[in-house]
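> what follows is a predicted structure for the sequence shown.
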Amino acid sequence: MKPIVLIVGALLFAVLIPLRAHSQGKVLRSVSNDSLEKILKGMDVKYQRGERKEKDVSTTYFDFTRGSLPTRMYNYGNDLWLESTVDKKMTLEDVNRWNAQAKFSRLVLIEQKDKVTVSLEAQLDCLGGVTEAAIKQFVNRFDQEATKFSKFVK
């Protein structure tokens with residue numbers, strides 16, 4: 001009797017695990033702009049879509065505000081990049097202090113001729129596979145980091 005129970009249990013396990021994994025969503029290795037727009041709309045994000053051209057390469061970006069900072073998402077296809085820039089004079093020590101405590105972002109100090117800007121950034125590598133849920137979490141997590149950063153710069 002016990003061997004039959006074990007066999008039935010193993011068969012159920014073999015059938016249910018792939019179904020559960022499949023229910024997590026389609027795994028993407030490259031994210032199209034249409035897919036990204038669908039995800040943002042599903043999150044009720046109001047955005048402006050644009051193109052940035054550098055040399056012979058064109059990159060699509062999406063500008064939106066959620067929480068406290070305006071955000072730009074660049075779609076490089078196999079890499080998503082979130083960025084919020086702030087015209088705030090900060091010392092390198094302050095930038096390093098943020099980077100030492102931040103878990104999901106980095107702060108970059110950009111010094112131009114007569115202007116200092118800081119850029120809060122996060123990247124999501126999609127080459128290994130990413131789901132719609134992972135992209136949503138990426139955006140939500142960045143919102144949380146941006147909120148913490150807004151308090152940090154005050």
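Yep, that arrived. Remember, predicted model here, so these are calculated numbers, not experimental data.
> in which helix or strand would I find Leu120?
Leu120 is located in strand 116-125, with elements delineated by DSSP states H and E.
> flag every buried residue along that strand.
Val118, Leu120, Glu121, Ala122, Leu124 (16 or more other Cβ atoms under 10 Å). To be clear about C-beta, it is placed using only N, CA and C from the backbone, and glycine gets the same treatment.
> give me the three-state assignment for the most centrally placed residue in the chain.
For the chain, Phe138 is the residue whose C-alpha lies nearest the centre (Cα atoms, centre = their mean; 3.3 Å). Secondary structure state of Phe138, per DSSP: H, G, I helix; E, B strand; the rest coil, is helix.
> ditto for Asp114
Relying on three-state DSSP, one would call Asp114 coil.
> what's the burial count for it?
By other Cβ atoms under 10 Å, 5 other residues sit near Asp114.
> Leu26 reaches Thr131, doesn't it?
No, residue 26 isn't Leu; it's Lys. Yes. Counting by Cβ atoms under 8 Å, Lys26 touches Thr131, with 6.9 Å between them.
> neighbour count: those two, which is higher?
More neighbours surround Thr131 than the other of Lys26 and Thr131, with 14 against 10 (other Cβ under 10 Å).
> grab the nearest non-local neighbour of the more buried one.
Gly25 (4.1 Å; Cβ to Cβ, 6 or more residues apart in numbering).
> ditto for Pro70
Pro70 sits nearest to Ser84 (Cβ to Cβ, 6+ apart), 6.4 Å away.
> next one: Leu92
Leu92's closest residue in space is Leu109 (Cβ to Cβ, 6+ apart), at 6.0 Å.
> how much space separates Tyr61 from Ile110?
Look at Tyr61 and Ile110: by Cβ to Cβ, to the nearest Å, they are 17 Å apart.
> go on, Asp34?
32 Å.
> repeat for Val130
Taking Cβ to Cβ, one finds Val130 at 28 Å from Ile110.
> report the helix or strand with the lowest average pLDDT across the chain.
Scoring the helices and strands of the chain by mean pLDDT, DSSP states H and E places helix 2-22 at the bottom, with a mean of 55.
> buried sites along the next helix or strand after it?
Once the chain leaves helix 2-22, the next helix or strand it forms, by DSSP H and E, is helix 33-42. For helix 33-42, burial by neighbour count (16+ other Cβ under 10 Å) applies to Leu36, Glu37, Ile39, Leu40.
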